[in-house]
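A.B. asks: 3D model of this:
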Amino acid sequence: MKRVKVKIALFLLPVFLLGAGFLVAKAKKPQAASLTNISATLSNPRLSFYGAVNGGTSGGISLINIKTSGNYGDKNTNHLFPNDTVAVGVNGNMTVASIVNSSTFTLSSPLSASVADGAAIYATQSGTLTISFTIANQIPANGYVLVTIPDPATNGNDGAPDTADSVTNNGFDLNGMTTANITTSGGTGCTWSTETLTAGSGSGHKYKVKTTTACTGGSITVTVGDTNKGLVNPAPVYSGHTQGTADVYRISVETYTGDPDSGGSLIDSGYATAAPVEAVLVSATVEESLSFAVGAVNSGTSACGQLMDVTTTATSVPWGTISTPNTFKEAAHTLTVSTNANNGYTVKIEENDQMGLNGKTCSGANAGEADDCIQDTTCNATGCTETTSQDWTAANTYRGLGYSLANISGTDAAFTYNESGRTFSAKQIADQEASETKQTIMSNSGPVDSKQIYVCYRIAISGTQPAGYYYNKVKYTATATF
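C.D. replies: Model (predicted):
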């Protein structure tokens, strides 16, 4: 049965191929033999969806409830998938956004027109039906092949799927096809010419094709449907259907001495079976992930072109006692990032303040020895900032705390120690006390797996730096963009 019929385009590809078996049927006349090697293959073996709206729904609504009982092929949403194209009443070419539960789904855009209780919901599945068989007896010149495809009792040629109480009363929708959408080939000595296609009204869609020369044997193939127009698969029958179990339809194939509608005699006959079934939605949810790790680096490790003087931990850079002024000390961390974020990630660096004696506040970006602070380095004469890098090679003239970067895995470092031919290209760490903006030191525009860099710290002091214990806090912020 059908309700409101709306033609909708097919946008789905076959999910899998279902092999069609064959049943050898007795010929209609005692002298008729049986066709052999007869088979039918659906390029898209998925059953169409046929349900009904539960309760009237006004325009502007995207949440749709379906009836869970009654004469409808689908009484739940089990065979309705996200991105399926559906018609809801007179609203055609709608897209399923999500399946809420077994009786409710949402559309990607709201209905443009209201629908009444019981209005039909269709998700059309169509494709080609390929029938192959081997003749047992010769088809003479001007003989015919007749293929009969199961059809519904009514509305079997309007492009919308059909349902009924049984397979016997249900079938494929011809979808307005003509002989231009059907091809016949093969057979030894056959010359295929005149074709006719008659849409059925309960007795089957009938396609017959004439050969002007004798077919003496071989395999013949009839393909119903093409890339322009396909045969519409039936929806499940509403009585006795079990989801996941195919509804099996028998396709009749016969050969005749002449036109079967004008006195031609039956030669061979047989049946192929087509068995459309619900598709299987294979789905999994992958959680958004971001992994970020700060790793220790041992003294003696080579990083950023230098040998490290200090063994760090994941939570500290213990410079220890600096007894030699005007000399660089080196330390490093590794940063490792993994994420499945489509738009990648960033890692930023900042410090709460410059290094202050006993952690005192170092007011402003230029606080230094006179303020009992170890000033952030200005690198060499032309200077560096938190945003601009510069080579830093003179420990006896330009001192303080700074950092550089080196790639270990990948190329995600924002800059590198040897950029522009430099020896140790460095920057200041952005000072939050001085309202400086934290800076990106590592990034990628897509998903990454275990990308890694070195963050190389460098410090130098003058001989007049006040004695005592200096410290500050450095923070890394890793952000993934999904």
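A.B. asks: got the phi/psi numbers for the closest residue to residue 44 other than its chain neighbours?
C.D. replies: In space, and not counting its chain neighbours, residue 44 is closest to residue 127: 3.2 Å by CB to CB, 6 or more residues apart in numbering. Glycine gets a C-beta too; all of them are placed from N, C-alpha and C. Torsion angles at residue 127 (phi, psi; degrees, to the nearest 10) stand at phi 170, psi -160.
A.B. asks: Quick check, residue 127 in contact with residue 43.
C.D. replies: Yes: assessed by CB atoms under 8 Å, residue 127 is found in contact with residue 43 at 3.8 Å.
A.B. asks: who's more crowded, these two?
C.D. replies: residue 127 (23 against 16; other CB atoms under 10 Å).
A.B. asks: quick one: the strands in the stretch 301-450 of the chain?
C.D. replies: Along the stretch 301-450 of the chain, the stretches classed as strands by DSSP state E, counting those that start in this stretch are 302-303, 306-307, 329-339, 345-351, 355-357, 373-374, 390-391, 400-409, 425-426, 439-444, 448-460.
A.B. asks: same for the last one, what does it pack against?
C.D. replies: For strand 448-460, the contact count by 3 or more CB pairs under 8 Å, 6 or more residues apart in numbering; DSSP states H and E identifies strand 329-339, strand 400-409, strand 439-444 as packing neighbours.
A.B. asks: Quick check: the residue nearest to the spatial centre of the chain vs residue 82, distance?
C.D. replies: Nearest to the centroid of the C-alpha atoms of the chain, with distances taken as CA atoms, centre = their mean, sits residue 283, at 10.1 Å. Using CB to CB, to the nearest Å, we find residue 283 at a distance of 9 Å from residue 82.
A.B. asks: again with residue 447
C.D. replies: 22 Å.
A.B. asks: Below-threshold pLDDT in the protein: ranges please.
C.D. replies: Across the chain, the ranges flagged by pLDDT under 70 are 1-33.
A.B. asks: Could you break it into its assigned domains?
C.D. replies: 22-48+124-274, 290-480 (automatic domain parsing).
A.B. asks: Would you tell me which one of those is buried the most?
C.D. replies: domain 22-48+124-274 (a mean of 19; mean count of other CB atoms under 10 Å).
A.B. asks: what about the residue nearest to the centre of the chain, distance to residue 400?
C.D. replies: 56 Å.
A.B. asks: same check, this time on residue 89
C.D. replies: The gap separating residue 89 from residue 400 is 73 Å, by CB to CB.
A.B. asks: Tell me what residue 122 is bridged to.
C.D. replies: residue 50, residue 87 (DSSP bridges).
A.B. asks: wait, it sits on residue 160?
C.D. replies: Yes: using CB under 8 Å, residue 122 is in contact with residue 160, at 5.4 Å.
A.B. asks: tell me the contacts of the residue nearest to residue 419 when sequence neighbours are not counted?
C.D. replies: Leaving aside its chain neighbours, residue 419 sits nearest to residue 425 (5.0 Å; criterion: CB to CB, 6+ apart). Contact partners of residue 425, counting by CB atoms under 8 Å, 6 or more residues apart in numbering, are 389-392, 404, 415-419.
A.B. asks: of all those residues, which comes closest to residue 214?
C.D. replies: residue 416 (80.7 Å; CB to CB).
A.B. asks: was I right about that closest one contacting residue 423?
C.D. replies: No: Residue 416 is beyond contact range of residue 423, at 11.7 Å (criterion: CB under 8 Å).
A.B. asks: rewinding a little: can I get the helices and strands packed on strand 448-460 in JSON lines with distance to residue 235?
C.D. replies: JSON lines is the format used below for the helices and strands packed on strand 448-460 (distance: least, CB to CB, whole Å):
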{"stretch": "strand 329-339", "distance to residue 235": "43"}
{"stretch": "strand 400-409", "distance to residue 235": "53"}
{"stretch": "strand 439-444", "distance to residue 235": "47"}
